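Enquirer: Turn this into a structure:
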Amino acid sequence: MSNPSLFSCFILLFALACQTVAPPHPYGLIDPMQAKEVLEVADVTVIDVRTPKEVAAGKIDGATNYNIFDDDFNAKIEKLDTSGTYLVYCRRGSRSANAAKIMRSFGFTKVYDLEGGFENWISKE
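Expert: You can find the predicted model right below:
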């Protein structure tokens, strides 16, 4: 005869092992404070969709620049891992909203969009 408490422990451990860790915030539009939390706890690729001239004036540490106005923007995005987690931003939020929409159309599901863009980011530092 099996031990009921041992069986219960096995079921509990199995259930815990099957759980996925939820992101600290839902994917989509997030403010700078939420973005900073996400960057602290998750493996996130940061994508700056501004022009090189804008990037030269400052950027989020570790961000990669994919200028949304470049002819090969879509081709660069398509080369990324669709299962990865991304934070996209621009100067004020319009271009990053478009970039996030493009990424979702390519099958990306874990995309954060920085509300208010880089201007909002630096105003919260």
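
Enquirer: Going by residue numbers, what spans are helices in this protein?
Expert: Secondary structure of the chain (DSSP state H): helices located at 4-18, 32-41, 52-56, 73-78, 94-105, 117-123.

Enquirer: Point out the most buried one among those.
Expert: Burial among the helices of the chain, expressed as mean neighbours by mean count of other Cβ atoms under 10 Å, is greatest for helix 94-105, which shows a mean of 18. Glycine gets a C-beta too; all of them are placed from N, C-alpha and C.

Enquirer: Now for the residue positioned nearest the centre of the chain: which residues touch it?
Expert: The geometric centre of the chain, computed from its C-alpha atoms, lies nearest to Tyr86 (Cα atoms, centre = their mean), at 2.8 Å. Contacts for Tyr86 (Cβ atoms under 8 Å, 6 or more residues apart in numbering) come out as Val44, Thr45, Val46, Ile47, Leu80, Met103, Phe108, Lys110, Val111, Tyr112.

Enquirer: Can you give me the separation between the second one and Ile30?
Expert: When you say that, I think you mean Thr45. 15 Å (Cβ to Cβ, to the nearest Å).

Enquirer: Likewise for the last one?
Expert: Tyr112 is 5 Å from Ile30, where distance means Cβ to Cβ.

Enquirer: who's more crowded, Thr45 and Ile30?
Expert: More neighbours surround Ile30 than the other of Thr45 and Ile30, with 20 against 15 (other Cβ atoms under 10 Å).

Enquirer: Report the beta-bridge partners for the more buried one.
Expert: The bridge-partner assignment for Ile30, based on DSSP bridges, gives Leu114.

Enquirer: Give me the pLDDT for Leu114.
Expert: Predicted confidence (pLDDT) for Leu114: 97.

Enquirer: Could you check how many residues crowd around it?
Expert: When neighbours are defined as other Cβ under 10 Å, Leu114 has 26 of them.

Enquirer: ok, now which ones touch it?
Expert: If a contact means Cβ under 8 Å, 6+ apart, then Leu114 has Ile30, Asp31, Pro32, Ala35, Leu87, Val88, Tyr89, Gly93, Ser96, Asn120, Trp121 as its contacts.

Enquirer: Among the residues you listed, which one lies nearest to Tyr66?
Expert: Comparing the contacts of Leu114 against Tyr66 with Cβ to Cβ picks out Val88 as the nearest, at 8.7 Å.
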